[in-house]
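Engineer: Sharing a model that was predicted from the sequence below.
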Amino acid sequence: MALKATIFKADLQVSDLDRGYFQTHALTLARHPSETDERMMVRLIAFALSADDALEFGRGLSTDDEPDLWRRGLTGEVVDWIEVGLPDERRLRRACGRAEQVLALTYGGRVARTWWEQNEAQLRKQAKLTVVDLPAEATQALAARVARTMQISCTLQEGELWLDVDGTTLHVVPEIRQGQRAGLPGR
């Protein structure tokens, strides 16, 4: 018998001072049995960074033709394609062919640095691609605060994030490895 996804609920309040976006989102996150709490929380950060009423989660790890998150236009075209973790370089290249913008949000400390060093030459050829790395300390601290229902407040200013997860505040400073993205450092 296959294991089923575990469902988490998050009320995410986004105050993005860089984009002038202020909204609360009631999110349902399905954590695949092979997904860690850390990866699930990075998906939540990815949502906060690109928050929009049309942004939606993909079908998950077992679906090759969808990203972790995406935003489609009114006619079905893919506007934003967002990958979390250390995606295959070919997958990112294909995503750049399908979407107007692609974001790879990496995490994992030394493992993410090694992934970047191995793929940098090929990824630099993708003009639509932005690669952002999250510090391991921050993603691990977020994973430690996972609960089945969460109240999260996220403030973004000058590319930095302040997250309040059920009363605990975390400061996250993403590192832009490639590209420029509104609301993130290096724009």
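Structural biologist: That came through, no problem.
Engineer: Run through the helices of the protein in chain order.
Structural biologist: 37-49, 89-98, 110-123, 136-143 (DSSP state H).
Engineer: Pick the most buried one from those helices.
Structural biologist: Burial of these is given as mean neighbour count (mean count of other CB atoms under 10 Å); helix 37-49 ranks first at a mean of 23. Backbone N, C-alpha and C define where each C-beta goes, glycine included.
Engineer: What's the separation between the residue nearest the centre of the chain and V131?
Structural biologist: Centroid-nearest residue in the chain, with CA atoms, centre = their mean: A46, separated by 2.3 Å. According to CB to CB, to the nearest Å, A46 stands 13 Å off from V131.
Engineer: tell me, what's touching these two both at once?
Structural biologist: Contact criterion CB atoms under 8 Å, 6 or more residues apart in numbering; residues shared by A46 and V131: L103.
Engineer: one step back: let me have the helices of the chain in a markdown table, adding distance to L55 as columns.
Structural biologist: Compiled in a markdown table, these are given as follows (distance: least, CB to CB, whole Å):
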| stretch | distance to L55 |
| --- | --- |
| helix 37-49 | 6 |
| helix 89-98 | 15 |
| helix 110-123 | 23 |
| helix 136-143 | 19 |
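Engineer: V165: which of those helices is closest?
Structural biologist: In terms of CB to CB, the element of the helices of the chain nearest to V165 is helix 136-143, at 6.7 Å.
Engineer: Going along the chain, name the strands of this structure.
Structural biologist: 6-16, 21-31, 55-57, 69-72, 78-84, 99-106, 129-133, 149-157, 160-165, 168-172, 175-178 (DSSP state E).
Engineer: which residues are in contact with the fourth one?
Structural biologist: Pointing back at strand 69-72 there. The contact list for strand 69-72, computed with CB under 8 Å, 6+ apart, reads 43, 46-47, 50, 52, 54-58, 78-82, 84, 99.
Engineer: where in the chain is pLDDT low?
Structural biologist: Low-confidence segments of the chain (pLDDT under 70): 1-2, 60-63, 181-187.
Engineer: hang on, the earlier thing: how near is the residue nearest to the centre of the chain to G58?
Structural biologist: Distance, A46 to G58, by CB to CB: 11 Å.
Engineer: any shared contact partners between these two?
Structural biologist: If you check A46 and G58 against CB under 8 Å, 6+ apart, the residues they both contact are 68-69.
Engineer: R145: neighbouring residues, count only.
Structural biologist: Around R145 there are 16 other residues, counting by other CB atoms under 10 Å.
Engineer: Let me see the contact set for it.
Structural biologist: Contacts here follow CB under 8 Å, 6+ apart; on that basis R145 touches 41, 165-166, 168.
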